[in-house]
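Trainee: Sequence first, predicted model second:
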Amino acid sequence: MHQTIVEQPPRGVVPSTYVRLLYEYLEKRGVAAAALLGVAAPEAADRGSLRYPVAAWRALLQRAAEHLHDPLLGLHLGQTITPAHFGVMGYVLLACPNLGAALARTLQYQRLLYDVNPMRSSVEGSELLLEWGVDQGRPGALVDECAITALLQLTHNATGRRIVATEIRFVNPAPADIQPYRDWFGCPVLFDQPETSIRFPQALLALPLRQPDTVLLNVLERQADDLLAQLPPSDDFEQAVRRCIARLVREGQPELELVANELHVSARTLHRRLAAAGINFRELRESIRQRLAEDYLADPRLQLAEIAQLLGYSEQSAFTRAFRRWSGQAPYAYRLSLLNPTAG
């Protein structure tokens, strides 16, 4: 007798402003969205504070795809996204000076944008890798394809140019025809992968955005912080540790005991929970510092001494030594390679 394995429903939520995208898409095609989906559209006045379980979002997408006879709905829907569909956070991203700064805010406020499987970023050679695991479950092809397409569409909206990835991977099974994916993304697209990911040239982080506004950015970030504080606690302990380290790093070298105190757990509990996830605290701290350094170096307005201070170094020379250890390059040389990738 064969044992039936039932996959657990995915955990996580998406903001109502994002869900509204589907209702608008259906209405433009002459479909009474609320009648078809059986749920009223999110109120236009809601700024994203209402959250939809990702399992419910998947069900809405499946119902719409069946009605439209469109298995590529995720791909098509994501292309219609605008910053307004992410509420305050959409405008936070638009007000950033460059793509690197927008990515840093995406990581910082990702629970407001898309609170499902958390996004991780890393640098591999001259490429930036964005990854999403399956710790919170597998939302499915329609959900994942809409999210990845929407993310790339947002970069187009913000920069005014089409961003082409080097490679895209999905955890979901391959569709019968993968050509439409290659046609729209413009790069190799792989399926049945361990993680969903986007890989693209790191030099793109220096691309300026179309509407940078430092004053507006500060105002919007305060609003985003207020919205983030209103969210229920996340069960993603690693993400909480990462955010805590990123916040404390400018004050110096955040030790494990200090981070544990900020998270209201004992140092032993923090060490044990990180170890259970295969994470070394010191390595995590260094990787966060490196990512922040790379984000800051992508902003030409910041002096190296200012970046050293933002990262908690008392002297610029200490920052230079650390950055050489991380990347094999001096910070100034790294910045030059970002701002002028064709040099040399």
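Mentor: Great, that's in hand.
Trainee: Pull out the buried positions in the strand or helix carrying Arg282.
Mentor: Using DSSP states H and E, the element containing Arg282 is helix 281-297. For helix 281-297, the neighbour count (16 or more other Cβ atoms under 10 Å) marks 281, 284-285, 287-297 as buried. (C-beta placed from N, C-alpha, C; glycine too.)
Trainee: part of a strand, is Leu248?
Mentor: No: Leu248 is assigned helix when assessed by DSSP: H, G, I helix; E, B strand; the rest coil, not a strand.
Trainee: just checking, it touches Val259?
Mentor: Yes: using Cβ atoms under 8 Å, Leu248 makes contact with Val259 at a distance of 6.8 Å.
Trainee: Between those two, point out the one with more neighbours.
Mentor: Under the neighbour definition other Cβ atoms under 10 Å, Leu248 and Val259 were set side by side, and Val259 has more, 22 against 18.
Trainee: Distance-wise, check the closest residue to the more buried one other than its chain neighbours relative to Leu263.
Mentor: Once flanking residues are discounted, Val259 sits nearest to Cys244: 5.2 Å by Cβ to Cβ, 6 or more residues apart in numbering. Computed as Cβ to Cβ, to the nearest Å, the Cys244 to Leu263 distance reads 6 Å.
Trainee: of those two, who's got more company?
Mentor: Ranked by neighbour count (other Cβ under 10 Å), Cys244 and Leu263 place Cys244 first, with 19 against 16.
Trainee: Rounded mean pLDDT for the helix or strand encompassing the more buried one, please.
Mentor: Assigned by DSSP H and E, Cys244 falls within helix 237-248. Helix 237-248 shows a mean pLDDT of 78.
Trainee: right, and the helix or strand after that helix?
Mentor: As assigned by DSSP H and E, the chain's next helix or strand after helix 237-248 is helix 256-262.
Trainee: who does that next one touch, helix- and strand-wise?
Mentor: Here helix 256-262 touches helix 237-248, helix 267-276, going by 3 or more Cβ pairs under 8 Å, 6 or more residues apart in numbering; DSSP states H and E.
Trainee: Put the alpha carbons of the shortest one into CSV.
Mentor: What it means is helix 267-276. C-alpha atoms of helix 267-276 as CSV (Å, rounded to 0.1, in the frame of the first residue of the first chain):
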residue,chain,number,x,y,z
ALA,A,267,22.8,34.2,24.1
ARG,A,268,22.7,30.4,24.4
THR,A,269,19.2,30.2,22.7
LEU,A,270,20.4,32.5,19.9
HIS,A,271,23.5,30.4,19.3
ARG,A,272,21.5,27.2,19.4
ARG,A,273,18.8,28.3,17.0
LEU,A,274,21.3,29.7,14.5
ALA,A,275,23.3,26.5,14.7
ALA,A,276,20.2,24.4,14.1
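Trainee: Sounds good, over and out.
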